[in-house]
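Enquirer: Give the three-dimensional model of this entry:
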Amino acid sequence: MSRIGKKPVPLPKGVTAVVKDGTVSVKGPKGELKLRLVNDIEIAVDGENITLTPRGKDDRARAMWGMQRTLVSNLVTGVTSGFTQKLEINGVGYRAAVQGKKLQLQLGFSHDVNYPIPDGITITAEKPTALTVSGMDRQLVGQVASEIRGYRPPEPYKGKGVKYAGEYIRRKEGKKK
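Expert: A predicted model of the protein is given here:
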């Protein structure tokens, strides 16, 4: 049995949820998010809680139960407070700047990397070496942060590159004489 799936998702004040044709639509102060549920999961909205239950006793329904509950919980959190991911840039001459709907990265290449910022995502550069990616959709925030990190992942010898804030980079010892 799913321990996560058993817990109902609480709806804070100002947040409404509507279920129609297997699609959950959650509306809150930051906007609206939708999620198409798998057919093996049944969903019910009763006032201030959203409850998910598996339709059958088969393994797939039980496997999807906890995941679908977490996805619905992410919708509720997204429309109330949103999600953020912080990135740090390490390296001499490595920096980032936001220019309109583009993120300009200088990461030691012969050219600047221009990353188009997708809709629903806000990127701020507090310092030239610190970025904050924020938005309502948790999956999209993580995807954008991963794509930015993918341009220059941290290398193990000097630690240069783009890393998540708080990420531990396992360092290697250099050449010996």
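
Enquirer: residues contacting the closest residue to residue 70 other than its chain neighbours?
Expert: Take residue 70 and drop its neighbours on the chain: the residue closest to it by C-beta to C-beta, 6 or more residues apart in numbering is residue 4, 6.3 Å away. (Each C-beta comes from the backbone N, C-alpha and C, glycine too.) Contacts for residue 4 (C-beta atoms under 8 Å, 6 or more residues apart in numbering) come out as 65-66, 69-70.

Enquirer: And for residue 148?
Expert: 87, 103, 105, 115, 131, 133, 162.

Enquirer: my read: the fourth one touches residue 99, true?
Expert: So the one you mean is residue 115. No - look at residue 115 against residue 99 with C-beta atoms under 8 Å: they stay out of range, at 10.6 Å.

Enquirer: okay, these two: which has more neighbours?
Expert: Each of residue 115 and residue 99 has its neighbours counted (other C-beta atoms under 10 Å); residue 115 has more, 16 against 10.

Enquirer: before we move on, what SS does the more buried one have?
Expert: Here residue 115 takes the strand state, with states given by DSSP: H, G, I helix; E, B strand; the rest coil.

Enquirer: Pairing-wise in the sheet, spell out the partners of it.
Expert: Assessed by DSSP bridges, residue 115 has beta-bridge partners residue 103.

Enquirer: how near is it to residue 52?
Expert: 36 Å (C-beta to C-beta, to the nearest Å).
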